[in-house]
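**Q** build me a model from this:
(one chain, ligands or ions: 1)
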Amino acid sequence: MPRPAKRRWRPRGRARRCLPEPGRSPPAALEAARGGGGTAVSRATPQGRHQDAAPRARSGQPAEFEEARPDGVGHAGGGRRRASAPFVSVALRVRPAPATASGDISVWAKPPEEGGARQRMLCCSRGYVVEEYEFSRVFGPADDNRALFHDMQGPALTSSVFGGVNETLFAYGQTGSGKTHTIFGSGEEAGLLGLFVDAFFQQAEAFPGSSIHVCCYEVFGDTLTDLVNPRRPIEQGNLHSDDVVTDEVFVKTRLCQYQIVRVSRVETCLDLLHEARANRAKGVSSCNSSSSRSHAVVHLFVQNPTVGAPRHHDSEGGRQSTIGALTLVDLAGTEREHDNPSDQGKKSARLLNTSLSSLNRLLRKLQTNSLDESERRQSVLNKCLWEYLRPGCGIAMVFCVSPLAKHRSTTLSTLAMATDSKLIRSQRKSHYVQIPDKSQPSGTCPNVQCIPVQSPRAAPSPLAPRGPEGPPPRSGPRGTPGRPASSGASAAGGRGPERGASRRSRAGEDELVQSWPAGELETPTGLDLGCPQTVRSLSLQITELRRRLRRARARSADRDGRAERDREQLGADLDAARRECETLRALFIRQQQQQQTAFWTGPFLDLLAPRDAALAAGELPPRPRPPQAAAEAVRSPVLVWAPRGRACGGSPAGATSAHPPAARPPGSGGGAAALPPPAPATDPPPHVPPKAARLRGAGAPPAPMLGTEGGGSTCLDAILLERDYWRAVASGLQRGTQGESQRCSERSSGKAPGLWDCGGSSTSQTLQETVGDPSPTAWSDTGSELSLRSSAAEA
Ligand SMILES: Nc1ncnc2c1ncn2[C@@H]1O[C@H](COP(=O)(O)OP(=O)(O)OP(=O)(O)O)[C@@H](O)[C@H]1O
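**A** Sure, this is the predicted structure:
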């Protein structure tokens, strides 16, 4: 069986390094690569698989990137698109080497092979290694912005925006690599923005009733600055003050405002954008003496009511209008912080790099199809671009690189990002707003509020020829969330960067409604504003909506207050419960101590004396003599407590009967004691704890002498002494735990045996005297697990 070929892992998105063929000098290999030989190099793909470039290039039919029809038919807003991206998504632009720059060239566009119409390959030399990359398009130094506009499907993108799609185009790359030149142009050369503005106004002629709105702002760190200044065009009479509305966005708890201007002439629009470019922050970077020190964002909004085909009339008789936006982003250049010559430049480079990192993360998530809402909040730039990057928008990126070898490391990282960005799949969706029909009776005007279609993809393309019924409704491939109704409403008067989420102030809405001339409102809304009933109906609706809003606010404030009160109450309850637990725990510990003290100083020791007394009186039979081994074992000098009331000293208890009783030491209490067995003269004295020894010195009975005559009573004396000692200890413990000065009194001779008075004890112990039972105790502890019942039978 043939073994499967081993597949080697390669880093994702990196080109494989190919050494030149043996026998060929490195320059020859480079020349071969430059000349389109392509045999000594390999291509990078976003999946990290590297294929031989030649076969695919020869076929002339690349499967990955398709041509879009220039008019955008079949692509924008419809549901008939093919899975592959119809638009150019990732292009790479190599700028010309500066005239003053010296040094080697490390990056160049590879000319298309015979039969290939477009440049798609880029070569990057790393000394003896050449890497080859493939992109949608590769533009060399000879390509100007107009060529870029056409090859990037500028007309198709324009049509797409008129069809209600949000299209976004980025310029991304190192500082000085030509991003601003690409977007805004330089010198006499118009940038993509100017070319798009031209295309938009041309397209607007084909759609009467459509309107174009423009705004431009810059983002630097956490600040957003409006770059548009419509004052001069207003003074010149090119704009009405009614054409300007102000939108606002919350940026880190600050409210930033920027203006959206409705423009009806190309020149006015270009003037505004020219001035906006001039207003942009500039500085010096490591590679550019006139470097943009901010990210510039330009939105061109298009509202196109005419494409709402009559077949979309709903039961209320409304019609639809598309809302699309073209967003051009000129990102600030990436630059190593320490490369910037000035302190201020270093600081701004740090801020710009931070926001670029956030954007990179967002783009990485787009590449892996895992974009989530959290990315929106990572930076102000992300927040502004979120609505134009999220699924449903078209994304195109132009990566600009410098050809110089000294910039190779930065160029390689740009190439890696560009390679990975090929994974981004734009699922374009059209956005519609519902506009009430003029044919409705004036008294029953439908709600003016604009609503989006349920699924933009379900809406037919405004440009694509369709059957009479249109395509069946289909949901988006990934369940793309629907656009909130507010966005459509906002879009009707110009949309901000945070269209779905930004909250236009009520004053702003009023301004919008009031500032818009009635005649122009009629077109997009389809209302007859000359009719007093319509106006009254509108004002009634507004009043009703405001009333509802007030009520909703009051309700939520009420709920907030209640929740806060509940929280405080719960906190107080928790504290009280904690305190109670502590008290109970302390009480339990005290009880345990008292019970144990009462047991060890009372019943336990009482078990000893009565038995001794009984033995002495001869009421108990002598115990059988233990075997010799046991006798030897119990000769231990340690006082051993045996359970169930048996205590023994240094000799077996069975030997006690042979010895006469001895007198009890004074103060030991109790009756006559049984004699312990005699101990050999060599036996060591019983162990007495040091504390007991000290007690003896302070009036305690003298230590018994073992091994002398009367040794049987000596053991008993030892036990009694120990008992006294433990009683003294117990008294101390009781005083300590209860804080009382009482001490346990010695068992009084007048009391019945087994009755132990433990003054001050508050435990539930009861010490019961068993009537007629000479043996002392039937002791029970109902308050603890300790329980001891001793009986005469057991003895
Ligand atoms: N393709 C090009 N053709 C001609 N000139 C170019 C090209 N690209 C860049 N330049 C010139 O290079 C200089 C720097 O370009 P530009 O300011 O666009 O770089 P940038 O990437 O925007 O830099 P930064 O990020 O620092 O703003 C400009 O003078 C510009 O005219």
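**Q** tell me, how many residues neighbour the residue in the stretch 251-400 of the chain that the ligand sits nearest to?
**A** For the stretch 251-400 of the chain, the residue closest to the ligand is Gly333, as judged by CB to the nearest ligand atom, at 2.5 Å. Every C-beta, even on glycine, is put in place using the N, C-alpha and C of the backbone. By the criterion of other CB atoms under 10 Å, Gly333 has 28 neighbours.
**Q** what does Pro391 give?
**A** Pro391 has 18 nearby residues by other CB under 10 Å.
**Q** which element is it on?
**A** Pro391 belongs to no helix or strand when elements are defined using DSSP states H and E.
**Q** what about the helices in the stretch 51-200 of the chain?
**A** Secondary structure of the stretch 51-200 of the chain (DSSP state H, counting those that start in this stretch): helices located at 53-59, 145-151, 154-162, 179-183, 192-206.
**Q** so the longest one versus helix 154-162, what angle?
**A** This points to helix 192-206. Put simply, helix 192-206 runs at 60 degrees to helix 154-162, going by axes from the mean of the first three to the mean of the last three CA atoms, to 10 degrees.
**Q** how about helix 192-206 and the ligand, touching?
**A** No: Helix 192-206 stays out of contact with the ligand when judged by CB under 6 Å from any ligand atom, the minimum separation being 11.8 Å.
**Q** stretch 282-301: which residues count as buried?
**A** 283-288, 291-301 (16 or more other CB atoms under 10 Å).
**Q** quick one on the thing from earlier: please produce CSV containing the helices of the stretch 51-200 of the chain, extended by mean neighbour count.
**A** Formatted as CSV, the helices of the stretch 51-200 of the chain follow (neighbours: other CB atoms under 10 Å):
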stretch, mean neighbour count
helix 53-59, 16
helix 145-151, 18
helix 154-162, 27
helix 179-183, 26
helix 192-206, 20
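**Q** got those as TSV, with mean pLDDT columns?
**A** Converted to TSV, the helices of the stretch 51-200 of the chain look like this (pLDDT from 0 to 100):
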stretch	mean pLDDT
helix 53-59	32
helix 145-151	92
helix 154-162	92
helix 179-183	94
helix 192-206	94
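**Q** out of these, nearest to Leu351?
**A** helix 179-183 (17.4 Å; CB to CB).
**Q** what's downstream of the longest strand along the chain, the next helix or strand?
**A** Determined from DSSP state E, the single longest strand within the chain is strand 319-330. Per DSSP H and E, strand 319-330 leads on to helix 343-367 as the next helix or strand towards the C-terminus.
**Q** now that next one: buried residues?
**A** 345, 348-349, 351-353, 355-356, 358-359, 362-367.
**Q** who are the packing partners of it?
**A** strand 211-220, strand 282-283, helix 380-389, helix 408-421 (3 or more CB pairs under 8 Å, 6 or more residues apart in numbering; DSSP states H and E).
**Q** among these, which gets the worst mean confidence?
**A** Of all those, mean pLDDT reaches its minimum on strand 282-283 (a mean of 80).
**Q** tell me which strands the longest strand of the chain pairs with, and in which orientation.
**A** strand 166-173 (parallel), strand 295-304 (antiparallel), strand 432-435 (antiparallel) (DSSP bridges).
**Q** now do the end-to-end distance for stretch 397-414.
**A** 12 Å (CA to CA, to the nearest Å).
**Q** which residues sit against it?
**A** For stretch 397-414, the surrounding residues in contact (CB atoms under 8 Å, 6 or more residues apart in numbering) are 89-97, 101, 103-108, 124-126, 135, 141, 148, 152, 169-174, 176-179, 182, 287, 334, 415, 417-418, 421.
**Q** what comes up buried for it?
**A** 397-404, 407-408, 410-412, 414.
**Q** one step back: who wins for proximity to Asp566 among the strands paired with strand 319-330?
**A** Among the strands paired with strand 319-330, strand 432-435 comes nearest to Asp566, with 42.0 Å by CB to CB.
**Q** before we move on, what SS does Gly571 have?
**A** helix (DSSP: H, G, I helix; E, B strand; the rest coil).
**Q** need the contact list for Asp339.
**A** Ser285, Ser286, Ala349.
**Q** redo those residues as JSON lines? Include pLDDT.
**A** Below are these laid out as JSON lines (pLDDT from 0 to 100):
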{"residue": "Ser285", "pLDDT": "75"}
{"residue": "Ser286", "pLDDT": "71"}
{"residue": "Ala349", "pLDDT": "86"}
